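Enquirer: here is my input; please provide its structure:
(one chain, ligands or ions: 1)
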Amino acid sequence: MAHYARGSAVAVIRLCNPPVNALSLAVLQALEDGLKKADADPSVKAVMICGENGKFSAGADIRGFSSPERHGGALGPIVSLIESSEKPVVAAIEGVALGGGLEVALGCHYRIAHMKAQMGLPEVTIGLLPGAEGTQRLPRLIGVPAALDMITTGKHIPATEALKLGLVDEIVEENTIEAAIRLANKVIGQPLGPRRLSLKPIPRLPNMEAFLREALVRVKQQARGWLAPELCFQAVRAAAERPFAAGVRRERELLQVLLTSGQARALQHAFFAERAVRRWAAPSGASWSSAAPQPVRKAAVVGLGTMGRGIVTSLVKANIPLVALEQNLEYLNKGRKAVMLLLEREAMKMEGGAQTLDFHNPARLHFTVDFDLLRDVDLVIEAVFENMALKKEIFHKLSKICKPGALLCTNTSALNIDEIASATSCPQQVIGTHFFSPAHVMRLLEIIRGRHTSPTAIATAMQLAKALKKVGVVVGNCFGFVGNRMMFPYVQQAVFLLEEGSRPEAVDQVLEDFGFKLGPFRMSDLAGLDVGWRSRKDQGLTGPSLPSGTPARQRHGQRYSPLPDLLCEQGRFGQKTGKGWYQYEQAGGRTATPDPWLHSFLSHYRDTHHIKTRFIDQEEILERCLFSLINEGFAILAEGIASGPEHLDVIYINGYGWPKHRGGPMFYASTVGLPRVLAKLQKYSEVHPDVPGLRPSAFLKKLVAAGNPPIKEWMSYLSQQSSKL
Ligand SMILES: CCCCCCC/C=C/C(=O)SCCNC(=O)CCNC(=O)[C@H](O)C(C)(C)COP(=O)(O)OP(=O)(O)OC[C@H]1O[C@@H](n2cnc3c(N)ncnc32)[C@H](O)[C@@H]1OP(=O)(O)O
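Expert: I've put the predicted structure just below:
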């Protein structure tokens, strides 16, 4: 709703729809009623629009986009109504003015903001464009380059920047509402023509055409199949090239394309999924609503390899005092140097620089080889080598040294949390915190609950994720947890496709065209092939512990490809050695080039194993890789390792480069249609009966038999969920 009140000569319209004053149909109706009332009342000389509870508005109600009324469409005419008012209208912006909220403010004749307010047009991030004439008004106010930047990225800008850009007329430190009323009184009777943005000419650039051409290239490069940025660009271009009314018509046409593309629905699913995963629940009944986190005033990181360095950087950025520990001085010095370099780089990106991060102060970041210094920390993150014996030794030590109640986290990417916890006297305080590389950049934190992990420990890990500005997702304990467990069959299929006749660059191309940042082979080369090799050796799948006489391409009666092991045996570990599935300009190089050596190696391998090669089309590459990953997702849901499909989607979008505009793997499956996913898996499984990853999961079959219900209903089909959470 919107509350209308009249004090002196200024009528106040307060947008009211907690928690973020989203512009629902009811709010829009009340806003329109308020404007008409103010217009009809001769004693009202000016209007002020603000939001309830210190927030202007987070824009159109996103939940309403899926309803038949699609209230967002009503917003444009209301913004026009505000602008055409014969009485001055002032927007008082507190908290956030986003999307349709900012568009309402752009319809106002004056904008005044609190200095802590944030503004933006984030519609692009949910697959839309600022379709209430925002693409036409903003460039008229702040110019095409700045408007294009805001509209195509969706970034939020602070009030101070908004003032510099001319987006707001004034910023205040104190009471924004009072300041806005003062301003409204001051401008009564002043001409409104120059304040109506639809009448303003676009600020000209000497080289507009060249600017737009280059900007389009940039936008396309970043979008990788995500439609909204390019269509946002087209709408702003229309503002630059056409009169206001024609620009608005173009904006509407482009919005229609986006509304029917399917990407908007996927991105909106991703938006709500990210919020849904915050509401974690454990089988014991404990949940986000009952468990309270304990404070983390000081933390420690054990191990300063690649992961540890990123984790330290992340903690320093979150302003958490920290002890960084290595096993000896040589490793410590190497780690310290690398961390300092990372922190210097991060500081350069921040306003305030090194002073903001304060990492030169030993009271805030202390490097040591002395375990005793971990006595007073509230939380330790172990990030050593992926080896069970080593981790158990460290956890045994930690449980003896750390104070009672300290949270003991392991950054394992696959190992059994319960086994690690068994080495301690406090398994309830042991939890998995799986960071993704680079840990100071990647948003995902997979939080793994062991059998004994306490609700407080989960709540604290979730709180930590929030402090680190990451998305925490609570999952159960199994080999590879959720993310890597789903990745295994995907990568396995990619390698099998090579055996059968494909090439790394062909497989990568298909998955990169789908929208992944990196295809499976480029990704493996980046991560390092030796990581998986070590794990396979530990599992006895290759290396000296493999029983003699084991067939080269079979393990435990299932198909196995030794190709990655053979590359490692040749010292081809990927980017770090300059050779892997591709060749690179040098060790540590980043430019992947197809490698003729690898092609002939593959031919030789196929000949040795009498594999008949065939042409494999793009459809088969895509389906075998993605559907096997999705199939594992259904198994994970059925086992209760994750509490809903949105958890898997959030993990894949934030940790594995899954294209967000496709909503995550499980949402994607729902758009493909579960009957089709099942039929394809059945077909491939018949051809490859020795590949369990292609055998359709019982849960998938159940959902298809139930008539392909919508994704929101899937979990209700798991009658007695055997939760391993
Ligand atoms: C026919 C179609 C015509 C289209 C016309 C197009 C014109 C206008 C379009 C729009 O305005 S689209 C919306 C644009 N706005 C956004 O994208 C903002 C989205 N929100 C946020 O970024 C954040 O929520 C926030 C405002 C920065 C606040 O962040 P915070 O971390 O403090 O809280 P959250 O947990 O994110 O949110 C709290 C609660 O509110 C829900 N919510 C937030 N924004 C909206 C919204 N615009 N519509 C509906 N609901 C919203 C959010 O989901 C949370 O609720 P739960 O999910 O936890 O229940």
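Enquirer: show me where pLDDT drops low in the stretch 601-725 of the chain?
Expert: Of all residues in the stretch 601-725 of the chain, those with pLDDT under 70 make up the ranges 720-725.
Enquirer: just give the closest residue to K579, not the sequence neighbours.
Expert: Once its chain neighbours are removed from consideration, K579 has its nearest residue in R572; the separation is 4.4 Å (C-beta to C-beta, 6 or more residues apart in numbering). All C-beta spots, glycine's among them, are computed from the backbone N, C-alpha and C.
Enquirer: next one: V257
Expert: Spatial nearest neighbour of V257, excluding adjacent residues (C-beta to C-beta, 6+ apart): L231 at 6.3 Å.
Enquirer: can you tell me the helix or strand for that neighbour?
Expert: Using DSSP states H and E, the element containing L231 is helix 227-241.
Enquirer: alpha carbons of that helix, as CSV, please.
Expert: Extracted in CSV, the C-alpha atoms of helix 227-241 (Å, rounded to 0.1, in the frame of the first residue of the first chain):
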residue,chain,number,x,y,z
LEU,A,227,20.0,-11.9,-23.5
ALA,A,228,19.1,-9.0,-21.1
PRO,A,229,22.4,-7.0,-21.3
GLU,A,230,22.2,-6.7,-25.1
LEU,A,231,18.5,-5.8,-25.0
CYS,A,232,19.2,-3.2,-22.3
PHE,A,233,21.8,-1.9,-24.6
GLN,A,234,19.4,-1.7,-27.5
ALA,A,235,16.9,0.2,-25.4
VAL,A,236,19.5,2.8,-24.3
ARG,A,237,20.6,3.1,-27.9
ALA,A,238,17.0,3.9,-28.8
ALA,A,239,17.1,6.7,-26.2
ALA,A,240,20.2,8.1,-27.9
GLU,A,241,18.8,7.9,-31.3
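Enquirer: same for the helix or strand following it, what does it pack against?
Expert: If you walk from helix 227-241 toward the C-terminus, the next helix or strand you reach (DSSP H and E) is helix 244-261. Here helix 244-261 touches helix 134-142, helix 227-241, going by 3 or more C-beta pairs under 8 Å, 6 or more residues apart in numbering; DSSP states H and E.
Enquirer: show me the contact partners of helix 244-261.
Expert: The contact list for helix 244-261 (C-beta atoms under 8 Å, 6 or more residues apart in numbering) reads 65, 76, 127-129, 131, 133, 135-136, 140, 198-199, 227-228, 231, 234-235, 238-239, 242, 264.
Enquirer: tell me the first helix or strand C-terminal of that helix.
Expert: helix 263-276.
Enquirer: in CSV, could you pull the C-alpha coordinates for that following helix?
Expert: Coordinates of the C-alpha atoms in helix 263-276 are reproduced here as CSV (Å, rounded to 0.1, in the frame of the first residue of the first chain):
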residue,chain,number,x,y,z
GLN,A,263,15.6,-16.4,-19.2
ALA,A,264,13.7,-14.0,-17.0
ARG,A,265,12.0,-16.9,-15.3
ALA,A,266,15.3,-18.7,-14.8
LEU,A,267,17.0,-15.6,-13.3
GLN,A,268,14.1,-15.0,-11.0
HIS,A,269,14.2,-18.6,-9.9
ALA,A,270,17.9,-18.0,-9.2
PHE,A,271,17.1,-14.8,-7.2
PHE,A,272,14.6,-16.6,-4.9
ALA,A,273,16.7,-19.8,-4.7
GLU,A,274,19.6,-17.8,-3.3
ARG,A,275,17.3,-16.4,-0.6
ALA,A,276,15.7,-19.8,0.1
